[in-house]
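Chemist: just to be clear, the model below is a prediction. Sequence and coordinates:
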Amino acid sequence: MKKLGIMLMCALMMVSFTACGGSATSETKEAEKKLDKVRLGEVTHSVFYAPQYAAISLGFFADEGIEIELSNLGGADKVMSALLSNQIDIGFCGPEASIYVYNEGREDYSEVFAQMTKRDGSFLVGKEKPDTFDWNQLKGKTVIPGRKGGVPYMTFEYLLKEKGLDPANDLNLDDSIQFSLMAGAFSGSDAEYVTLFEPTASMIEQENKGYILASIGQESGEIPYTAYCAKKSYIGKNEDLVQRFTNAIYKGLKWVNENSAEEVAKVIADSFPDSDVTLLTTVVQRYKDIDSWKVEPVLEQTAFDKLQTVMESAGELSTKAPYDKVVNNKFANAVLGK
């Protein structure tokens, strides 16, 4: 009888464990099903966007019930094209793309709802390394600064003017190269200079193909450089999702700003398999040193106004877009309890 009792207890326990295991598996699958997929298109893949990759790696998006499907689209124009044609849900690029779309008169235009970077993240790379770099050394030279009309090009042009140079006459700006091909074009051409994001700039330097001479962002000052945007209709139909997305970005910004370059490098390493942690640490520190990232994801009107001034100076903007139409700070303010 005692043996029979023990056998019955064991059988009951096995049934119980099996039931629990099946329930846990079911609950896990159910939780996975509940993740909302967001197709996110980024302007380029760079350590400059470390808060985004940290938010993915540390599970901040998953905590908000979001699964990110990330695509590197290689340029703000391509991001906006994908956004308007519903190939992606959220775009990550310069706010200038949303300004252009609004000024085209589209009814379902793009709204910017969260800002990540507050200055240019590119670096001037030259084939020669002078004892002391001076901007006048660019006179008569060829520079590859990105495509005309994009924030990288316009910021660089704005900086040249600030340094007393005439972009049209003092040097040759080769704007024929696609964003993703600039490093290769620099290495394989007669161009003396190029503007590159990290880690590409440091990798060029490691390969002895060029030298980092200056930070464009540090020299040009603050500007709303990269932000998240979505079509007005998408935001209207998915307010809760956009809020959760913004929550995750805010957590990423906060974490990157509060942790060391080495810790950040380790966390984002999977996003940059071709770069070792030592190089990534150097790059992250470089971006920390120039105060690249926003603390709060709100895009302020003063910053928006400066961007449009830069666009006007570049001859790319004839009519200023209204701040309260292009920028939607509802979600960024909610993160801050405003």
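Modeler: Cool, the structure landed. Numbers count the residues shown, from 1 in each chain.

Chemist: now for residue 52: which residues touch it?
Modeler: With contact set as CB atoms under 8 Å, 6 or more residues apart in numbering, residue 52 has these partners: 42, 92, 116, 249, 252. For every residue, glycine as well, the C-beta is placed using N, CA and C.

Chemist: would you turn those residues into a markdown table with secondary structure and neighbour count?
Modeler: Converted to a markdown table, the contacts of residue 52 look like this (DSSP: H, G, I helix; E, B strand; the rest coil; neighbours: other CB atoms under 10 Å):
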| residue | secondary structure | neighbour count |
| --- | --- | --- |
| 42 | strand | 22 |
| 92 | strand | 26 |
| 116 | strand | 25 |
| 249 | helix | 28 |
| 252 | helix | 26 |
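
Chemist: out of these, who's nearest residue 316?
Modeler: Checking these against residue 316 with CB to CB, the nearest one is residue 92 at 20.5 Å.

Chemist: next SSE after the helix or strand containing residue 50?
Modeler: For residue 50, the host element (DSSP states H and E) is helix 50-57. The helix or strand immediately downstream of helix 50-57 is helix 60-63, counting by DSSP H and E.

Chemist: helix, strand, or coil at the nearest residue to residue 83 once chain neighbours are set aside?
Modeler: Nearest non-adjacent residue to residue 83, counting by CB to CB, 6 or more residues apart in numbering: residue 91, 4.3 Å away. State at residue 91, reduced to three classes by DSSP: H, G, I helix; E, B strand; the rest coil: strand.

Chemist: if we can go back for a sec, any chance of JSON lines for the contacts of residue 52, columns distance to residue 126?
Modeler: Formatted as JSON lines, the contacts of residue 52 follow (distance: CB to CB, whole Å):
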{"residue": "42", "distance to residue 126": "27"}
{"residue": "92", "distance to residue 126": "29"}
{"residue": "116", "distance to residue 126": "28"}
{"residue": "249", "distance to residue 126": "34"}
{"residue": "252", "distance to residue 126": "33"}
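
Chemist: quick one, domains of this structure?
Modeler: According to automatic domain parsing, the chain comprises the domains 36-119+224-335, 123-220.

Chemist: the first one spans what distance, first to last residue?
Modeler: Using CA to CA, to the nearest Å, the span of domain 36-119+224-335 from its first residue to its last is 19 Å.

Chemist: got a list of what the residue lying closest to residue 140 once chain neighbours are set aside touches?
Modeler: Nearest non-adjacent residue to residue 140, counting by CB to CB, 6+ apart: residue 171, 6.5 Å away. When contacts are counted by CB under 8 Å, 6+ apart, residue 171 touches 138, 139, 140, 141, 142, 143, 160, 165.
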